[in-house]
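> Quick check, what structure comes out for this input:
(2 chains)
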Amino acid sequence: MLQFQTVPVSFHIEKVNGKARAGRLFTPHGEIATPVFMPVGTLASVKGIPQDTLEELGAQIILGNTYHLYLRPGVETVRRLGGLHRFMSWHRAILTDSGGFQVFSLNELRKVTEEGVTFRSHLDGSSHFFSPESAMEAQIGLGADIIMAFDECTEFPAGRDRVRASMELTLRWAERSKKYFEEHKQEVPWKEYSVPGTQYSVVNELHAAGSGDVASAGTGNCVPSTGYSQALFGIVQGGMDRELRKESAERTIEIGFPGYAIGGLSVGEPRELTREIVESTLEHLPKDKPRYLMGVGTPEEIVEYASLGVDMMDCVLPTRAARHGLLFTSEGKVSIKQARYAQDQGPLDPNCPCRVCRRYSRAYLRHLYAANEVLAQVLNTIHNLTFYLDLMARVRHSIQLGEESRFLSGVWSRPKP
RNA sequence: GCACAGGUGGGUGAGUGGUUAAAGCCAACAGACUGUAAAUCUGUCCCUCCUAGCGAGGUACGAAGGUUCGAAUCCUUCCCUGUGCA
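Coordinates of the predicted model:
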């Protein structure tokens, strides 16, 4: 009889370069080289991109969203189907957000109390209650490798009293999240598929399977190595107040998590302020634990945050902007819908190795967008994700090589082939 | 030929005497997008001028004429389109 063990996700730092770190995060569904950019797949799908393509693009871990999946198809459905990995046939790592961000973004459809948050569904208006406990229950049921404490993402601007109250609430919710998680983490759906006596070897096979072996890519391969459980990360809040950020960090650390996120940023504040808060908050986070900056950013920003010592980032920007015709290239932003590209036979980004830039012209991409073809969204997203993932790979490489001086500028401009 | 029904800005299509340069939608053009209520949202979209504004002129609802203080809206004739009947 398999005894399910609960060793947390582990993190090894391989190289420190200034404030930046390159490392490896070990999860039940594979290793992740950090710093890592995590594409967002809110509804168990990175919009427009099939899972095998994501693997080819080098996505190591993707996000899912508890609130959205809870509403549709429902946590119990996903759990019965073996968890998110099996359900969506994604063999690599997954992180779920707790729904904390929806406390912020659905501000007109929610009511926050000490106990939790009542949401009105954006789908049908029905009322739903999320608490730290129910958010953990849901995330355990979904079975992501990394799950997030249920927090309140504080709005901007907010007065100091409001920020403090919000931070305190998040701290109380963090304790409740951890307590529930510790008591229930063995209920994760993939324990049923655990194979005794396997560890990293299984992880590696999964990676191999992910690199193009269609025959072995069935749901049966969604088998995590034993010896791992999900990992619950805590979230630091504190608004734009350095002191409160410090206090939030210290008290979250006191509760104790295998990784720490910086939340509540990129909520409308000036970019320079974001950077300041990130930098000052990072100083108070443990050096030996993964640090996850939630919800950022532009290509320039993710490079900069990595250089400051952030290990994990996620953002809807590359995927959403792609669907809206905004493409990131080595030469800056390209709004492919502009009339000026109608006759442009050149590639989107001459320095980009992605399949889109190798094959299609700007004129064609502009046409697809103008004609509202679904392929426009697919190709644009493939490019933007390639750009982001490739950028982070170069950042990792740069850190590993100790190229500190070239870090920010060098990574940005791609060497000519 | 006769009888109906129609002709509105790039396209559709509201509007049947006055806050109408003319709704809405589409197209076009530009902008936004940062733990996804997002294949979404915002702005511009007749011409000219400037002190750039709920600014000033001009032109405009098939054509020409008429009624009226005032017409896309009412009348007359003509042109054109669709349907039906010969």
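> Quick check: chain neighbours aside, which residue is closest to the residue sitting furthest away from the middle of chain A?
Distance from the centre of chain A peaks at residue A:343, with 37.0 Å (Cα atoms, centre = their mean). Of all residues not flanking residue A:343 in the chain, residue A:363 sits nearest, at 5.8 Å (Cβ to Cβ, 6 or more residues apart in numbering). Glycine gets a C-beta too; all of them are placed from N, C-alpha and C.
> residues contacting that neighbour?
Residue A:363 makes contacts with A:341, A:342, A:343, A:344, A:345, as judged by Cβ atoms under 8 Å, 6 or more residues apart in numbering.
> Out of these, which is nearest to RNA strand B?
residue A:342 (6.4 Å; Cβ to the nearest atom of the strand).
> Next, count neighbours for residue A:171.
As a burial measure, residue A:171 scores 23 neighbours (other Cβ atoms under 10 Å).
> er, residue A:286 actually
Neighbour number of residue A:286 under other Cβ under 10 Å is 13.
> Also residue A:52?
Other residues close to residue A:52 by other Cβ under 10 Å number 16.
> which stretch of helix or strand covers it?
Assigned by DSSP states H and E, residue A:52 belongs to helix A:51-57.
> Does RNA strand B have contacts with that helix?
No. Helix A:51-57 stays out of contact with RNA strand B when judged by Cβ under 7 Å from any atom of the strand, the minimum separation being 12.1 Å.
> Now do that helix: which elements does it pack against?
Secondary-structure packing of helix A:51-57 (3 or more Cβ pairs under 8 Å, 6 or more residues apart in numbering; DSSP states H and E): helix A:374-401.
> got the buried residues for the helix it packs on?
Residues of helix A:374-401 classed as buried: A:376-396, A:398-399 (neighbour count, 16 or more other Cβ atoms under 10 Å).
> Within range of RNA strand B, give me the residues from the stretch 51-200 of chain A.
A:63, A:65, A:68, A:97-98, A:100-102, A:104-106, A:108-109, A:122, A:148, A:151, A:153.
> hmm, try it at 6 Å
A:63, A:65, A:97-98, A:100-102, A:104-106, A:108-109, A:122, A:148, A:151, A:153 (Cβ under 6 Å from any atom of the strand).
> if I've got this straight, residue A:102 is in a helix?
Yes. Using DSSP: H, G, I helix; E, B strand; the rest coil, the assignment for residue A:102 is a helix.
> so how far is RNA strand B from residue A:311?
Remark: distance between residue A:311 and RNA strand B (Cβ to the nearest atom of the strand, to the nearest Å) = 15 Å.
> these two touch, right, that residue and residue A:20?
No. Residue A:311 is beyond contact range of residue A:20, at 9.5 Å (criterion: Cβ atoms under 8 Å).
> Touching both of these two, which residues are there?
residue A:35.
> Who are the contact partners of residue A:273?
residue A:240.
> List the buried residues for the helix or strand encompassing it?
Assigned by DSSP H and E, residue A:273 belongs to helix A:271-282. Burial within helix A:271-282, assessed by neighbour count using 16+ other Cβ under 10 Å, is assigned to A:274, A:275, A:277, A:278, A:279, A:281, A:282.
> Where does residue A:31 sit: helix, strand or coil?
Assignment for residue A:31 (three-state DSSP): strand.
> Any idea what the residue nearest to it when sequence neighbours are not counted is bridged to?
In space, and not counting its chain neighbours, residue A:31 is closest to residue A:24: 5.3 Å by Cβ to Cβ, 6+ apart. Bridge pairing for residue A:24 (DSSP bridges) gives the partners residue A:12, residue A:33.
> Ramachandran angles for the residue in the stretch 101-250 of chain A that RNA strand B sits nearest to?
Using Cβ to the nearest atom of the strand, the closest approach of the stretch 101-250 of chain A to RNA strand B is made by residue A:153 at 2.3 Å. When read as degrees, to the nearest 10, the backbone of residue A:153 gives phi -80, psi 110.
> And stretch A:255-269, end to end?
28 Å (Cα to Cα, to the nearest Å).
> Flag every buried residue along that stretch.
A:257, A:258, A:259, A:260, A:261, A:262, A:263, A:264, A:265, A:266, A:267, A:269.
> Surely the fourth one touches residue A:286?
Yes. Contact between residue A:260 and residue A:286 holds when scored by Cβ under 8 Å: they sit 7.2 Å apart.
> what sits in contact with each of those two?
residue A:253.
> how far does the helix holding residue A:52 sit from the chain's center?
Chain-centre distance of helix A:51-57: 16 Å, with Cα atoms, centre = their mean, to the nearest Å.
> Quick check: which element contains the residue nearest to residue A:343?
helix A:362-370.
> tell me the angle of that helix relative to helix A:374-401?
120 degrees (axes from the mean of the first three to the mean of the last three Cα atoms, to 10 degrees).
> now could you export just the CA positions of helix A:362-370 as PDB?
Extracted C-alpha coordinates of helix A:362-370, given in PDB (Å, rounded to 0.1, in the frame of the first residue of the first chain):
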ATOM      1  CA  ARG A 362       3.700  40.800 -41.500                       C
ATOM      2  CA  ALA A 363       1.300  41.400 -44.300                       C
ATOM      3  CA  TYR A 364      -0.200  38.000 -43.800                       C
ATOM      4  CA  LEU A 365      -0.400  38.400 -40.000                       C
ATOM      5  CA  ARG A 366      -2.000  41.700 -40.500                       C
ATOM      6  CA  HIS A 367      -4.500  40.200 -42.900                       C
ATOM      7  CA  LEU A 368      -5.400  37.400 -40.500                       C
ATOM      8  CA  TYR A 369      -6.000  39.900 -37.800                       C
ATOM      9  CA  ALA A 370      -8.100  42.200 -39.900                       C
END
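> what about it and RNA strand B, any contact?
Yes. Applying Cβ under 6 Å from any atom of the strand, one finds helix A:362-370 touching RNA strand B at residue A:370.
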